[in-house]
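Student: generate a structure from the sequence data that follows.
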Amino acid sequence: MSDTKWAEGLLLDGRTKYKSLADHLGAAIGNGTLKVGDKLPPVRQLAWTLDVTPGTVARAYSMLTDAGLLEAVVGRGTFVAPKARPVVDDVWSRATPADDGTVNLYAPRLPDMGQVAAVRRALIEVAEGAATDLVEYPNRDAFRPAREAVVGWLSDVMLGPLDQDDIVLSHGGQNGISLVMQAALRAPSPVVLVEDLSYAGFRRAAEMLRVEVVGVPSDAEGVIPEELERLAIRHGAQLFCTSPEVHNPTGNHTGLARRKALVAACRRAGGVQILEDDCYRTGPARAPSYRALWPDGGWHVSSISKTITPALRIGFAVAARGRAKDLRRAAEYGFFGLARPLAEVARIILRDSETKACCERVRRRIREYIRVAVNALGGYDLRWHEEVPFLWLTLPRGWRAAEFTLAAERAGIQLRSAEEFALREGRAPHAVRIAVNGQIPLDRFEQAMQRLRDLLDNPPEHMAV
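Tutor: Numbers count the residues shown, from 1 in each chain. Next comes the predicted model:
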């Protein structure tokens, strides 16, 4: 075990002592004072040495583990991690195809069930259209047919009164989330509430806007209304971000009764707006959206990434009632609006009678992969739905999420750990998300599921209980 000379003279002042400690530890690792493989003191021992609470040390260790500088080994302790394996915190590098035989289950990948041909047809039609469409700046009037196509596409969602003027085309769902935050948030230091375990895009969009993010406790149905109200009042929150149809990463669904209770909590807390991310829903909505339940406070974001293709980066942001101008301003001031050719491609694809049939074929194909995964892993604590392109696996006693994902990677499988969906200051369960990769043969996907089951059935000796 390393000594604590690196901590001599260390002062942890202010409200963020754990960040100060994390920075100091990171510097010690960077300058070689702490070397790869060095074992750090136990949490309570270091807390006593530095005269801080054990929670402060635990948070600092967790923060550096998330950053890939430390690694926790069950039954052994916390060590300086090998520098050869940095943690990657962006979707681009983790989602790229592996050339070494690795099965990438990090993010869902759609099978081609006819949508590639539909996209090609749309691109050809746009290329052969009027020359002026390819040399003029985007403008709102020209995009009206595309927005009308979006209204038709969203007809299976209970959104309340909806007009094409309420819609802004975005560069995918993530851009739509950023636009809503820019339109909805006010005051110098706004606060956003998210589920304690939630889509990391909420946090990243908020961080880019210098917005504070606060996690809210949840149960199997979603955020707990009483906790939402309490934290909203305490922090003066302005926006609550959630995914009620398909929660990412657990796949849970928030029913109508809970949605009504959450709307009531937001209204009692001073009118906290609600941003609903609906990007993972692939079939008809199962309950009214927050926009339908509270037209003045509900914003809605969706995209074609999980139903048709993520390559085009086409999404839709729907404004709360009376806030369409604010949403348009965020897009126009930020990037003038979606590129005209992309808007035209969206219009053509969303109005193509074959597109819905393609989406249904995609859903049927995804069901086949889900069934294979359930057959292999169903003996463990597995949450799934046949139309959701990922599964949530709570690991059996002894496994930690970080160590399991590392073991899976050594077995040639990339997964997402629960830590990637938790706030930095929050606690994550020992669980992993397994995405469906519909671009590999079903038998190869089945082999990957069998390898995961072998890991679960045969944990390392030091983890046996």
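Student: now do the helices in the stretch 151-300 of the chain.
Tutor: Using DSSP state H, counting those that start in this stretch, the helices assigned to the stretch 151-300 of the chain run over residues 172-184, 200-208, 225-235, 256-268, 290-293.
Student: residue 375 is nearest to which of these?
Tutor: Nearest to residue 375 among the helices of the stretch 151-300 of the chain is helix 200-208 (29.7 Å), distances taken as CB to CB. For every residue, glycine as well, the C-beta is placed using N, CA and C.
Student: distance between that closest one and the chain's centre?
Tutor: Helix 200-208 sits 9 Å away from the centroid of its parent chain (CA atoms, centre = their mean, to the nearest Å).
Student: angle of it against helix 172-184?
Tutor: 40 degrees (axes from the mean of the first three to the mean of the last three CA atoms, to 10 degrees).
Student: now for helix 200-208, which elements pack on it?
Tutor: helix 172-184, strand 191-195, strand 212-216 (3 or more CB pairs under 8 Å, 6 or more residues apart in numbering; DSSP states H and E).
Student: of those, which is nearest residue 44?
Tutor: Judging the helices and strands packed on helix 200-208 by CB to CB, what sits closest to residue 44 is strand 212-216, at 25.1 Å.
Student: which residues sit against that closest one?
Tutor: Applying CB atoms under 8 Å, 6 or more residues apart in numbering, the contact partners of strand 212-216 are 189-196, 198, 202-203, 206-207, 223-224, 227-228, 231, 235, 237, 240, 422-423, 425-426.
Student: where among the helices of the stretch 151-300 of the chain is the average confidence lowest?
Tutor: The weakest mean pLDDT among these belongs to helix 200-208, with a mean of 93.
Student: nearest to residue 291, out of the helices and strands packed on helix 200-208?
Tutor: Here helix 172-184 is closest among the helices and strands packed on helix 200-208 (CB to CB), at 11.2 Å.
Student: stretch 324-343: end-to-end distance?
Tutor: Taking CA to CA, to the nearest Å, stretch 324-343 runs 18 Å from one end to the other.
Student: list the buried residues for it?
Tutor: Residues 324, 326-328, 330-331, 337-338, 340-343 are the ones in stretch 324-343 that count as buried (16 or more other CB atoms under 10 Å).
Student: give me the distance from that stretch to the chain's centre.
Tutor: Relative to its parent chain, stretch 324-343 has a centroid offset of 23 Å by CA atoms, centre = their mean.
Student: OK, contacts around the residue positioned nearest the centre of the chain?
Tutor: In the chain, the centroid-proximal residue (CA atoms, centre = their mean) is residue 199; its distance is 2.5 Å. By CB under 8 Å, 6+ apart, residue 199 lies in contact with 243, 248-249, 277, 421.
Student: could you point out the helix or strand that follows the lengthiest helix in the chain?
Tutor: Longest among the helix segments of the chain by residue count, using DSSP state H, is helix 353-377. Counting by DSSP states H and E, the next helix or strand C-terminal to helix 353-377 is strand 381-383.
Student: for the helix or strand following that following strand, packing partners?
Tutor: For strand 381-383, the following helix or strand on the C-terminal side (DSSP H and E) is strand 390-394. On a contact count with 3+ CB pairs under 8 Å, 6+ apart, strand 390-394 meets helix 353-377, strand 381-383, strand 431-435.
Student: mind listing what's buried in the first one?
Tutor: By neighbour count, with 16+ other CB under 10 Å as the criterion, the buried positions of helix 353-377 are 355, 358-359, 362-363, 365-366, 369-370, 372-373, 376-377.
Student: flag whichever of the contacts of residue 199 scores worst on pLDDT.
Tutor: Comparing the contacts of residue 199 by pLDDT, residue 421 comes last, at 92.
Student: need the contact list for that residue.
Tutor: 197-200, 248-249, 428, 433.
Student: save the buried residues of helix 353-377 as CSV, and put in pLDDT and distance to residue 215 too.
Tutor: Output for the buried residues of helix 353-377, formatted as CSV (pLDDT from 0 to 100; distance: CB to CB, whole Å):
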residue, pLDDT, distance to residue 215
355, 92, 37
358, 93, 37
359, 94, 33
362, 95, 33
363, 94, 32
365, 95, 35
366, 96, 30
369, 97, 31
370, 97, 29
372, 97, 34
373, 98, 29
376, 97, 32
377, 97, 28
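Student: just the closest of the residues you listed to residue 289, please.
Tutor: residue 359 (19.3 Å).
Student: quick check: closest non-adjacent residue to the closest one.
Tutor: In space, and not counting its chain neighbours, residue 359 is closest to residue 307: 4.9 Å by CB to CB, 6 or more residues apart in numbering.
Student: same question, residue 438
Tutor: Nearest to residue 438 is residue 111, by CB to CB, 6+ apart, at 3.4 Å.
Student: what about that neighbour, how many neighbours?
Tutor: Neighbour count of residue 111, defined by other CB atoms under 10 Å: 19.
Student: residue 206 touches residue 192, doesn't it?
Tutor: Yes. Contact criterion CB atoms under 8 Å: residue 206 and residue 192 qualify, at 4.9 Å.
Student: what is in contact with those two at once?
Tutor: 181, 212-213.
Student: highest neighbour count among those?
Tutor: residue 181 leads the shared contacts of residue 206 and residue 192 on contacts (other CB under 10 Å) with 24 neighbours.
Student: isn't that one up against residue 239?
Tutor: Yes. Residue 181 is within contact range of residue 239, at 6.7 Å (criterion: CB under 8 Å).
Student: mind listing the shared neighbours of those two?
Tutor: With CB under 8 Å, 6+ apart, residue 181 and residue 239 have common neighbours 192, 275.
Student: could you export the buried residues of stretch 324-343 as CSV, including pLDDT, distance to residue 385 and secondary structure?
Tutor: CSV is the format used below for the buried residues of stretch 324-343 (pLDDT from 0 to 100; distance: CB to CB, whole Å; DSSP: H, G, I helix; E, B strand; the rest coil):
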residue, pLDDT, distance to residue 385, secondary structure
324, 97, 33, helix
326, 97, 34, helix
327, 97, 31, helix
328, 95, 35, helix
330, 95, 33, helix
331, 94, 33, helix
337, 86, 35, coil
338, 90, 31, coil
340, 91, 37, helix
341, 93, 35, helix
342, 93, 31, helix
343, 94, 32, helix
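Student: dump these to a markdown table, plus distance to residue 73.
Tutor: Formatted as a markdown table, the buried residues of stretch 324-343 follow (distance: CB to CB, whole Å):
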| residue | distance to residue 73 |
| --- | --- |
| 324 | 53 |
| 326 | 50 |
| 327 | 48 |
| 328 | 52 |
| 330 | 46 |
| 331 | 47 |
| 337 | 51 |
| 338 | 48 |
| 340 | 54 |
| 341 | 52 |
| 342 | 47 |
| 343 | 51 |
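Student: what's the farthest-apart pair in the residues you listed?
Tutor: Pairwise distances across the buried residues of stretch 324-343 peak at 26.6 Å for 326 and 341 (criterion: CB to CB).
Student: residue 155: neighbour count?
Tutor: By the criterion of other CB under 10 Å, residue 155 has 11 neighbours.
Student: let me know the closest of the contacts of residue 199 to residue 396.
Tutor: Checking those against residue 396 by CB to CB gives residue 249 as the nearest, at 18.3 Å.
Student: quick check: closest non-adjacent residue to the closest one.
Tutor: residue 433 (4.2 Å).
Student: residues contacting the one you found?
Tutor: 249, 390-393, 415-416, 418, 421.
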